[in-house]
Structure formats: C-alpha cells, structure tokens
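Asks: Provided below for reference: sequence and predicted model.
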Amino acid sequence: MIDPRNSLPAAAYELLFRAYGSQEWWPADSPFEVMVGAILTQHTSWENVERALARLKASGSFSCRGLIGLPLDALEEYLRPSGAYRVKARRLTAYLMFFQETYGGSVDSMRRTSGTDLRSKLLSVSGIGPETADCILLYAMDKPWFVIDAYTRRIFGRLGWVDPQANYEDLQAWFQNAPMPGGLTDRVVYYNEYHALVVELGKRVCRPKPDCAACALNAICATGKTAS
DNA sequence: GTCCAGGGCCTAC
DNA sequence: GTAGGCCATGGA
C-alpha cells in the first residue's frame, strides 16, 4: 500500500469532480430513508432499491415504528424488488429494533452519539457490516467516515494504488489519513462527494465490462505508481 | 441463458 | 483466518 500521506486520493477526487461534478448524495428524502436504503442496497443496484423504497412508502408504514409493526411476510413482499428480500427483511427489522430501542427511533438522538461509539454499536447489529455502517454514519449522521465499497477496491486496486485484498479499515485509513484537496475544509462534505463520485465512475467503467479507457482517472493512471 | 450489482453471514477447512 | 457458498431480483 502506498504511503498514506500521499496526495493521490485528493488528486483522484479533483479529477472525478471535474469529470462528473457534484453528485449531491445520498439520493433520499430523509436520514431515515438513507438508513433503510443503506441496508437494501447491499449487493444490489440502486435502481432495484428505489423500487423497494417506493413500495415501502406506498404502504403508508414508512417509519421506524410502522415498519417494525409490519408482519414479516408483508415486509418481505415490499422488499422483493431489491433482491434477497427474506434476508433483507430480517436485517432491516433487526436494525429498526436497534434504532428504536437505543435511540427511541430519533435521528437527532442518534446523531448526538460520537462517531466512534456509534460505529461500534452499528457493527454489533446483525446484518450491518462496515460499509453499511459507514453509509449510515456519513450520509444519515453527517459523521466523517469514508465509505469503502466494491468499486473503490476495484478501481483503486486496478490503478495499483491500494491492495484490493486489504482489509476494510486499512483501505479506509488510506483515504482518511490523506490530505484533502486544497480549498476543502469539511471532511463530511469531502467523503460524501468522494464516495458518490467513485460510484458514478464505477457504474461507467466497471459494468457491464471493465473499460479503463473510459476511466476518468486515466490522466493519473500513468503517473500514479510513482506519485507520493 | 448467463452474469453481476453501491454486502454480510455462516460454514468448513 | 479465510475462502467459498448463500441469499434472490432485475437488467444488460
């Protein structure tokens, strides 16, 4: 892994931002919707998550207590378009129970918890792994935790900047320990935009087939391995 | 028909 | 500790 004090993350960010502009994530109407979406998007394209979210909203039960109160088979049916719906119904219920019991279903109450403490609590919930926890922390709680997803591993690994097999926290530290681009002072804003830009790039170059020629980072692909 | 998507859990070594 | 299977729909 390249020295974490390197300038590559900031350089990549600036190229991506110039290529794709502000993404203004997360695509949701409320922090609660962000939390639900973070669970539903596990190993699933966002388009399918949107279908499931629309069904949940149409049910009239789109609240913490409302969703907890749904029979499991009804919840499964609403989640069907997002795939793995039985698994996700259990995971969503487990998360909402945690949210209700620990924070009274209050986003504000949850937000008052420190990021480190909250992250460890989130990881203790069945079905919430590091990526889902960080999505909730960053996009629902406005806490500065960089999200590492499959695109991040694939793209930055393909560039030779990180070991794609590295564990989650090491990859996260690589981004979090690096300086921000000049002019940016808020890490929440920076990480928010960065992950969204990586997903936008990933959608373009990682599916259906890898195509490095279309990669917005091509300009620094050639020099990346020697940069510091 | 086949492959894979903005993961995480469980089981077998 | 880690590799592999499993969940499951919908689009390319």
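Replies: Okay, I see it.
Asks: ok, the spatially most central residue of chain A - contacts?
Replies: By Cα atoms, centre = their mean, chain A has its centre lying nearest to A:Cys135, at 3.8 Å. With contacts defined as Cβ atoms under 8 Å, 6 or more residues apart in numbering, A:Cys135 is in contact with A:Trp26, A:Val34, A:Ala38, A:Thr41, A:Val147. (C-beta placed from N, C-alpha, C; glycine too.)
Asks: could you find the closest non-adjacent residue to the fourth one?
Replies: Leaving aside its chain neighbours, A:Thr41 sits nearest to A:Val49 (4.8 Å; criterion: Cβ to Cβ, 6 or more residues apart in numbering).
Asks: cool, A:Leu75 as well?
Replies: Nearest non-adjacent residue to A:Leu75, counting by Cβ to Cβ, 6+ apart: A:Ala89, 4.5 Å away.
Asks: next one: A:Val87
Replies: A:Gly127 is the one closest to A:Val87 (Cβ to Cβ, 6+ apart), at 7.7 Å.
Asks: how far away is the one you found from A:Gly115?
Replies: Note on A:Gly127: its distance to A:Gly115, by Cβ to Cβ, to the nearest Å, is 20 Å.
Asks: burial count for the closest residue to A:Leu92 other than its chain neighbours?
Replies: Ranked by Cβ to Cβ, 6+ apart and with sequence neighbours excluded, the top spatial neighbour of A:Leu92 is A:Ile39, at 5.2 Å. Applying other Cβ atoms under 10 Å, we find 24 residues neighbouring A:Ile39.
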